[in-house]
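A.B. asks: Requesting a structural model of the entry that follows:
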Amino acid sequence: MLIPNWTLSAGVKAAVTTTAAPGNVAVHVGDDPAQVLLRRRQLVRQLALPSSPRWLQQTHSTRVLNLSALHSDTPMTGLNADASYTNQAHQVCAILTADCLPILIAANDGSEIAAIHAGWRGLAQGIITNTLANFATPASQLTAWIGPAISATAYEVGADVREPFLSQGLVDEISFRPHIAGKWFADLPVLAQRILAQQGVEQITQSGCCTFSDQRFYSYRRNPLCGRIATLIWKI
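C.D. replies: The predicted structure is shown next:
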């Protein structure tokens, strides 16, 4: 288990699972559903979570689910979104990744939290901006943490990925390092950090972990037949 290296209100907790603890927690990757559900229950016990996580049906969209606004009879799984937000205690925001960015955001006073799943499409289309729009807290009083994701050295992309970021002023030789003709190494954590900064978030940290090279994490680019890690944040 990985605990984010950020300083927050004592009322906010966060964690990232690994391939070993408890293993794959995604039901859509061909794993035995019964085993996945057992691991999810194990995760609740291991982290002493105040409730079961709200597992999202992630589609690389820009939709943000406000957990605070859900009715009590809303299903716990299969909610179509790529980020979740809450200002209530005992609700667990959770996202699944295997190379894409897990991004956690929290108000410095612990009043609001969110978890974001962001691949290049989500970054380019505004998933971070949409999530921040749910916060009543000014962006300058938020803290963000960018979790384990594929690093630039392992993420070769073409012009189709680079092009959407040009108009946003996010392309240079750091965010898209030139490689062979028509190819670049894209730095998703750098892109996310720049977008957060553009939106006024001042306190941003990164895990520095590469999912492709670090065997503690699943990587779709390393092995398409892989599981998913979970990144979770909750208020107590």
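
A.B. asks: Test my guess that residue 65 contacts residue 54.
C.D. replies: Yes: counting by Cβ atoms under 8 Å, a contact exists between residue 65 and residue 54, whose distance comes to 7.3 Å. Every residue, glycine included, has its C-beta placed from N, CA and C.

A.B. asks: So, low pLDDT: which residues of the protein?
C.D. replies: Counting by pLDDT under 70, the low-confidence segments of the chain come to 73, 75-78.

A.B. asks: Checking the residue most central in space within the chain next. Helix, strand or coil?
C.D. replies: Per Cα atoms, centre = their mean, the C-alpha nearest to the average position across the chain is that of residue 102, at 1.8 Å. The local conformation at residue 102, judged by DSSP: H, G, I helix; E, B strand; the rest coil, is strand.

A.B. asks: I figured it was touching residue 117, is that so?
C.D. replies: Yes: proximity of residue 102 to residue 117 meets the contact threshold set by Cβ under 8 Å, at 6.6 Å.

A.B. asks: what do those two both touch?
C.D. replies: In the contact map built from Cβ atoms under 8 Å, 6 or more residues apart in numbering, the residues linked to both residue 102 and residue 117 are residue 95.

A.B. asks: one step back: which residues do residue 65 and residue 54 both contact?
C.D. replies: Between them, residue 65 and residue 54 share the neighbouring residues 79, 84, with contact defined by Cβ under 8 Å, 6+ apart.

A.B. asks: give me every residue that touches the residue nearest to the centre of the chain.
C.D. replies: Neighbour list for residue 102: 16, 95, 115-117, 146-149, 229, 231 [criterion: Cβ under 8 Å, 6+ apart].

A.B. asks: What does the closest residue to residue 215 other than its chain neighbours show for phi and psi?
C.D. replies: Nearest residue to residue 215, sequence neighbours excluded (Cβ to Cβ, 6 or more residues apart in numbering): residue 19, at 6.9 Å. Residue 19 has phi and psi values of phi -70, psi -20 when expressed as degrees, to the nearest 10.

A.B. asks: for residue 6, same thing?
C.D. replies: The phi/psi pair for residue 6 (degrees, to the nearest 10) is phi -130, psi 160.

A.B. asks: just use 36 as the starting number from now, easier for me
C.D. replies: All right, first residue 36 from here; so that's residue 41.

A.B. asks: State the distance from the residue of the chain most remote from its centre to residue 94.
C.D. replies: Note on the chain: the largest C-alpha distance from the chain mean falls to residue 216, namely 31.0 Å (Cα atoms, centre = their mean). Using Cβ to Cβ, to the nearest Å, we find residue 216 at a distance of 32 Å from residue 94.
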